[in-house]
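S.K.: Sequence and predicted structure below; questions after.
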Amino acid sequence: MGERAGGMGEQRSFSGLFLGLLALAVLATIAGLGWTYHLSGRLTHAEMQLSQTQQQNQKLAQTLDETNARLKVTSETLGHKLGITQEQLEKRAQDLLNQQQAAEKHFESEHQATQQKISSVSNDVSGVKTDVGGVKTDLSNTQNEIKVDEAQMQNMKGDLGVEGGLIATNQKQLDYLKHRGDRNYYQFTLRKGHRRPVSTVSLELKKADSKHNRYTLYVFSDDRKIEKKNRNLNEPIQFYTGKNNYLYELVVNAIGHNTVSGYIATPKNAPAPVNTSGN
């Protein structure tokens, strides 16, 4: 009895395993059929797209052939009307294309040249701006120097007790006074014993003491001889001359061996000199 019961148990276990495997096989078959159906649908869709593409390509090829045929007919007709062959027409077309390419290269070359010129002009403008800045700096420095020179000059009373204009002690200051234009200025250099006309008067050096910076000279004006004795360097020497008694001012600012140099300042409305060799 026991052996029989054991045999029946083994048969039941084998039957259950068989049924399980059979169920798995059925499920795999169903899944395979579903996947096959899906792939078949995609393949069919792809074949339809390929067929449509082929049809479109055929239409395009046909259209291209027709277009080429029309162009050929048009070219032949045009060539016939112009009296040229297809080869000549193609040659002319190629010549036109070459000319267009050459024109484009020329334009590009001109464009580059223009850009270089613009760049050069920009550099020149920058250089000019730099030069202008330098000129402005120089002008500012000059103006400052003029202010310094003007501050160094002063009004002094002359030997007649009259306060005259600014006294220049060197050439730079004298140039500044000339530029101002307040008075007329006549420069001179006198040698001992030589009479010389300056402005509307004449001057003659009598004595020059370079060691002590003193001198003596004569002024000849209006038939008069005026002696200016033992005068100092840069001292304003004054005298009246002319019918309207114009006040002249004489300054000696350099004394050498038997020589002196300086200038005479006259009012702007004073008569002009007949001989201006002393200017």
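M.R.: Good, I have the coordinates.

S.K.: Quick one: the helices in this protein, in order.
M.R.: Listed in chain order, the helices of the chain (DSSP state H) span residues 2-82, 86-152, 171-180.

S.K.: and the longest one, what's its mean pLDDT?
M.R.: Helix 2-82 comes out with an average pLDDT of 71.

S.K.: Name the residues of stretch 180-196 that are buried.
M.R.: 183-186, 188, 190, 192, 196 (16 or more other CB atoms under 10 Å). All C-beta atoms are positioned from the backbone trio N, CA, C, and that covers glycine.

S.K.: Also stretch 211-219?
M.R.: 214-219.

S.K.: cool, stretch 111-123 as well?
M.R.: In stretch 111-123, counting by 16+ other CB under 10 Å, buried: nothing.

S.K.: one step back: now, which of the buried residues of stretch 211-219 lie within strands?
M.R.: Per DSSP state E, strands hold the following members of those: 214-219.

S.K.: mind putting those residues in JSON lines, distance to Leu160 and pLDDT included?
M.R.: What follows is those, written out as JSON lines (distance: CB to CB, whole Å; pLDDT from 0 to 100):
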{"residue": "Arg214", "distance to Leu160": "19", "pLDDT": "97"}
{"residue": "Tyr215", "distance to Leu160": "18", "pLDDT": "98"}
{"residue": "Thr216", "distance to Leu160": "17", "pLDDT": "97"}
{"residue": "Leu217", "distance to Leu160": "16", "pLDDT": "97"}
{"residue": "Tyr218", "distance to Leu160": "17", "pLDDT": "97"}
{"residue": "Val219", "distance to Leu160": "12", "pLDDT": "97"}
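
S.K.: got TSV for those residues, with distance to Gly161 too?
M.R.: Below are these laid out as TSV (distance: CB to CB, whole Å):
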residue	distance to Gly161
Arg214	20
Tyr215	21
Thr216	20
Leu217	20
Tyr218	21
Val219	17
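
S.K.: need the contact list for Asn213.
M.R.: 232-233, 255 (CB atoms under 8 Å, 6 or more residues apart in numbering).

S.K.: Likewise for Arg191?
M.R.: Contact partners of Arg191, counting by CB under 8 Å, 6+ apart, are 205, 258-259.

S.K.: out of these, which is most surrounded?
M.R.: With neighbours taken as other CB atoms under 10 Å, the top of the contacts of Arg191 is Leu205, carrying 23 neighbours.

S.K.: So it sits against Lys192, correct?
M.R.: Yes: applying CB atoms under 8 Å, one finds Leu205 in contact with Lys192, separated by 4.9 Å.

S.K.: Spit out the residues that contact the two alike.
M.R.: Joint contacts of Leu205 and Lys192 (CB under 8 Å, 6+ apart) are 258-259.

S.K.: any idea which of the ones in strands among the buried residues of stretch 211-219 is the one closest to Ala46?
M.R.: Tyr215 (125.5 Å; CB to CB).

S.K.: Correct me if wrong: that closest one contacts Val260.
M.R.: Yes: here Tyr215 reaches Val260: they are 5.2 Å apart, a contact under CB under 8 Å.

S.K.: anything in contact with each of these two?
M.R.: 205, 208, 252.

S.K.: The closest residue to the first one other than its chain neighbours: what's it in contact with?
M.R.: Closest residue to Leu205 in three dimensions, ignoring its sequence neighbours and counting by CB to CB, 6 or more residues apart in numbering: Leu190, at 4.0 Å. Under the criterion of CB under 8 Å, 6+ apart, the neighbours of Leu190 are 196, 203-205, 217, 259-261.

S.K.: mind redoing it with 7 Å?
M.R.: Counting by CB atoms under 7 Å, 6 or more residues apart in numbering, Leu190 touches 196, 203, 205, 217, 259-260.
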